[in-house]
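Engineer: Attaching a predicted model along with its sequence, questions to come.
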Amino acid sequence: MEYLRNAWYAAAAESDVTRSLRRRIILDEPVVLFRREDGSPAALADRCAHRFAPLSRGALHGDQLQCGYHGLRYDAQGNCVHNPHGPQIPAHAGIRAYPLLARYGFIWIWPGDPARADPRLLPDLSPFDRGEGWRVQHGYLGIRAHYQLIIDNLLDLSHVDYLHPAFTTGGAIGNTRHEVIETDGVVHSNRWKPNCTVSPLLTRCWGRIHVIGDARSRMRWHAPGTLFLDIGATEPGGEPRDGVTLSFLHLLTPETATRTHYFWAAIRNRAVDDVELTNWIQATTERAFADEDEPMIEAQQENIGPGVDIASLRPVYLSPDLAPAKARRILARLIEAERAAAPAVRSAARA
Ligand code: FES
Ligand SMILES: [Fe+2]
């Protein structure tokens, strides 16, 4: 399985990385996440250099991680610093440490060449760094499907009217103005629906029962698996700042070729202290993702088969497939360029 390695991937919500050891498979590699005593996050290969036991079954001693099998200890940089079986630290006893970044409520991991782990390469995901006046909430799904099938799903929101009753704006996909733009390797798929019945999700956030307004949904994809969705509504002809905004992050991190970590976050600008609304958004979003998208995508993966490229099956191409097709082409180019330029990165990653 080829992945883009020199990129930031979401590894966990910030609140999920604690002094307890958390194992996570990322791009086919076992990783253990934890926090140092000073609160900074750390990620090491979850595979001891001795007999390859998962270090997540061991224990932290200060900032050192002790293997639960025969007691080798590693520091947070992956150096073996203690061997209880002899005076010497064996040669090649070190393990891999991954560069991390804490931003927008998530811990991001760099599975490629550590020398190229530049924080400036993380896409700008504001407003998820906003505080006062906004309410953020998070969720997670483990999906048994290739991550690109989920990118296809998110870049083609024509499925909303068919699969997600709570998100729908009253059908009429045909009346939607839709544009797909590609700029500097970023794909935008934007939809506007003037004078439509605003979706139950937005009307509830807006504090209204039923409203006719101008609705928008603007999705933006950054390689390899970061998507930002701005949805909102205004009075007909109104300005976005005067209406309701509910934005989502969808962060897709391949676990394996057929499993994906799907992190999401939502942020809104209305009724930010309304706990009942926050719970309702959580339940509605989880229902849409877990009960509607997830079973459909997993069944799609089953039909396609493991390790099969959907393009090789000659799928019928419809107009909403333009944005997913652009993203697939960009990602394939990036993976190919990385493979051609630095084949050593992948083998070093497995060392
Ligand atoms: S497997 Fe870790 S010390 Fe033996
Ligand atoms: Fe969906």
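Structural biologist: Thanks, I have the structure now. Ligands and ions are numbered 1, 2, ... in the order given.

Engineer: Point out the residues in this protein that sit beside ligand 1.
Structural biologist: Contacts of the chain with ligand 1, taken as Cβ under 6 Å from any ligand atom, map to 48, 50-51, 53, 67, 69-72. Quick note: C-beta positions are derived from backbone N, CA and C, even for glycine.

Engineer: Now with 5 Å, please.
Structural biologist: 48, 50-51, 53, 67, 69-70, 72 (Cβ under 5 Å from any ligand atom).

Engineer: would JSON lines of the residues you listed with secondary structure be doable?
Structural biologist: Listed next are these as JSON lines, based on DSSP: H, G, I helix; E, B strand; the rest coil:
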{"residue": "C48", "secondary structure": "coil"}
{"residue": "H50", "secondary structure": "coil"}
{"residue": "R51", "secondary structure": "coil"}
{"residue": "A53", "secondary structure": "coil"}
{"residue": "C67", "secondary structure": "coil"}
{"residue": "Y69", "secondary structure": "coil"}
{"residue": "H70", "secondary structure": "coil"}
{"residue": "L72", "secondary structure": "coil"}
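
Engineer: which residues of the stretch 1-150 of the chain score low on pLDDT?
Structural biologist: 1, 131 (pLDDT under 70).

Engineer: need the helices for it, in chain order.
Structural biologist: If you assign secondary structure with DSSP state H, counting those that start in this stretch, the helices in the stretch 1-150 of the chain sit at 147-155.

Engineer: Now tell me what touches stretch 192-204 from outside.
Structural biologist: Counting by Cβ atoms under 8 Å, 6 or more residues apart in numbering, stretch 192-204 makes contact with 165-170, 172, 175-177, 206, 208-216, 231-233, 236, 244, 246, 277, 280-281, 284, all of which sit outside it.

Engineer: end-to-end on it?
Structural biologist: Taking Cα to Cα, to the nearest Å as the measure, stretch 192-204 stretches 20 Å from start to finish.

Engineer: mind listing what the residue at the greatest distance from the centre of the chain touches?
Structural biologist: In the chain, P87 marks the outermost C-alpha relative to the chain mean, sitting 44.1 Å out by Cα atoms, centre = their mean. Contacts here follow Cβ under 8 Å, 6+ apart; on that basis P87 touches nothing.

Engineer: Now do it against R73, distance only.
Structural biologist: According to Cβ to Cβ, to the nearest Å, P87 stands 15 Å off from R73.

Engineer: go on, V211?
Structural biologist: In this structure, V211 and R73 are separated by 61 Å, where distance is defined by Cβ to Cβ.
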